[in-house]
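Student: here's my sequence, what's the structure:
(one chain, ligands or ions: 1)
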Amino acid sequence: MLAELVGGAVADADARAAELPLDAVIAAAADAPPALDALRALAPADRVKVIAEVKRASPSRGRLADIPDPAALASLYEAGGASAISVLTEQRRFLGSLDDLRAVRAAVGIPVLRKDFIAQPYQVYEARAAGADIVLLIVAALDQPTLESLHALTLSLGMTALVETHSADEVARAVDAGAALIGVNARNLDTFELDRDLFGTLADRIPTGVIRVAESAVLGPDDVAHYRASGADVVLVGEALVTSDPTARLAEFLSV
Ligand SMILES: O=C(O)c1ccccc1NCC(=O)[C@H](O)[C@H](O)COP(=O)(O)O
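Tutor: Coordinates of the predicted model:
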């Protein structure tokens, strides 16, 4: 499934590149207001921080929520205490778009993550041009030279990369790439199996000074408490927020 998702995202990026060539996207990225400091926003604190996700649908769960106004949802997230917003921009299975990202960027003053299946420089430049402060780089989707070059490109544009892992080997690769923000996704992106204990088994392999993000499978405050007790600085939450009252849910999660 991961290979299919990456292939689709790259094909969609190639189609956009046929309309707006790389040179133009590079120029648009250079013209965009500077990226916000995501490492500061997500820095370890006395309490767990939340990256709140705008997520309409997913391959594992199908349609989750309509979200006609992603900017309004993101504003609720910000008012509710989220430290950053994740916007799924993949179109085929998640029903997201770069327009969602632009709308969210215009509505909030906290960092915005482009959550997509990024495998090409074009996608990094268009993230910056659309106002993203963070891009997702999934270790399992990239060979090491590509991971390192996309990471370096992300930093050169003033952004931060959330480098996503799902095994000890992938954490080692993220560290080798110089990641300052490492996520452990509880979801296996091929089988969709969820393992809430995976973060705890890998957290110690993430060096001190690197921000630790527990991604996926937060359904209630107990899951946040479990991740926090295992060393998470930040949790990334999608489904639980878009399928209920996001303000009330965030308050529960932030009180852990
Ligand atoms: O959510 C999926 O089904 C999925 C399938 C394949 C690749 C990625 C997928 N999701 C992306 C994410 O990592 C999640 O949207 C994010 O971590 C939030 O997860 P959750 O809180 O469990 O909705």
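
Student: and residue 194, what pLDDT?
Tutor: pLDDT recorded at residue 194 is 98.

Student: quick check: which element contains the closest residue to it other than its chain neighbours?
Tutor: Distances taken as CB to CB, 6 or more residues apart in numbering put residue 217 closest to residue 194, at 4.5 Å, once the chain neighbours are dropped. Glycine gets a C-beta too; all of them are placed from N, C-alpha and C. Using DSSP states H and E, residue 217 falls within no helix or strand.

Student: quick one: the strands in the stretch 151-256 of the chain?
Tutor: Counting by DSSP state E, counting those that start in this stretch, the stretch 151-256 of the chain has strands at residues 160-165, 181-185, 211-215, 234-237.

Student: the third one packs against which elements?
Tutor: Spelled out, it's strand 211-215. strand 181-185, strand 234-237 (3 or more CB pairs under 8 Å, 6 or more residues apart in numbering; DSSP states H and E).

Student: coming back round to it: okay, the strands of the stretch 151-256 of the chain in JSON lines with distance to the ligand next?
Tutor: Shown next, in JSON lines, are these (distance: least, CB to the nearest ligand atom, whole Å):
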{"stretch": "strand 160-165", "distance to the ligand": "7"}
{"stretch": "strand 181-185", "distance to the ligand": "5"}
{"stretch": "strand 211-215", "distance to the ligand": "4"}
{"stretch": "strand 234-237", "distance to the ligand": "5"}
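
Student: columns mean pLDDT on top of these, output as a markdown table?
Tutor: What follows is the strands of the stretch 151-256 of the chain, written out as a markdown table (pLDDT from 0 to 100):
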| stretch | mean pLDDT |
| --- | --- |
| strand 160-165 | 98 |
| strand 181-185 | 98 |
| strand 211-215 | 98 |
| strand 234-237 | 98 |
